[in-house]
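Chemist: task: produce atomic coordinates for the following.
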Amino acid sequence: MKIDREEVRKVAALARLRFSPEEEERLTQQLDKILQYMDKLNELNTERVEPLAHVVDIVSAFREDKVVHEPVVDALLSNAPAREQDFFKVPKIIE
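Modeler: A predicted model of the protein is given here:
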């Protein structure tokens, strides 16, 4: 696949980037090399290779999300200057 400077300008405009003509030329060459390499990888026979997301099995390192100490509403609102049922009561600021 061949990429030209016009495509580099289009992508740069979408990303709101500005490049000098020299940078455009360098990026065009670099992107073209990357795309040529990807085409070369597409030639590989991957018929018997199973698709995977990670090379090794990933186990979640996070604990289960469960409540262990349920908050006591009265204790939480004990220092509130004003309260209405189980909520903080604040002055109305929108008219």
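Chemist: output the longest helix belonging to the chain.
Modeler: Longest helix of the chain, by residue count under DSSP state H: helix 21-42.
Chemist: send the alpha carbons of the helix or strand following it over as CSV?
Modeler: Per DSSP states H and E, the first helix or strand lying C-terminal to helix 21-42 is helix 73-76. What follows is helix 73-76, C-alpha atoms only, in CSV (Å, rounded to 0.1, in the frame of the first residue of the first chain):
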residue,chain,number,x,y,z
VAL,A,73,-26.5,7.3,57.2
ASP,A,74,-27.0,8.9,60.6
ALA,A,75,-23.3,8.8,61.4
LEU,A,76,-22.4,10.3,58.0
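Chemist: so how far is helix 73-76 off the chain centroid?
Modeler: 37 Å (C-alpha atoms, centre = their mean, to the nearest Å).
Chemist: mind listing residues that contact that helix?
Modeler: Counting by C-beta atoms under 8 Å, 6 or more residues apart in numbering, the neighbours of helix 73-76 from elsewhere in the structure are residue 86. Every residue, glycine included, has its C-beta placed from N, CA and C.
Chemist: make 732 the first number, not 1, from now on.
Modeler: Okay, residue one is now 732; in that scheme the one you just asked about reads as helix 804-807.
Chemist: what does the pLDDT read for residue 769?
Modeler: The predicted structure scores residue 769 at 90 on the pLDDT scale.
Chemist: touching, residue 755 and residue 738? I think so.
Modeler: No: because the distance of 10.4 Å does not satisfy C-beta atoms under 8 Å, residue 755 is recorded as not touching residue 738.
Chemist: now the residue nearest to residue 808 when sequence neighbours are not counted: phi and psi?
Modeler: Once its chain neighbours are removed from consideration, residue 808 has its nearest residue in residue 814; the separation is 4.9 Å (C-beta to C-beta, 6 or more residues apart in numbering). Listed backbone geometry of residue 814 is phi -140, psi 150, with angles given as degrees, to the nearest 10.
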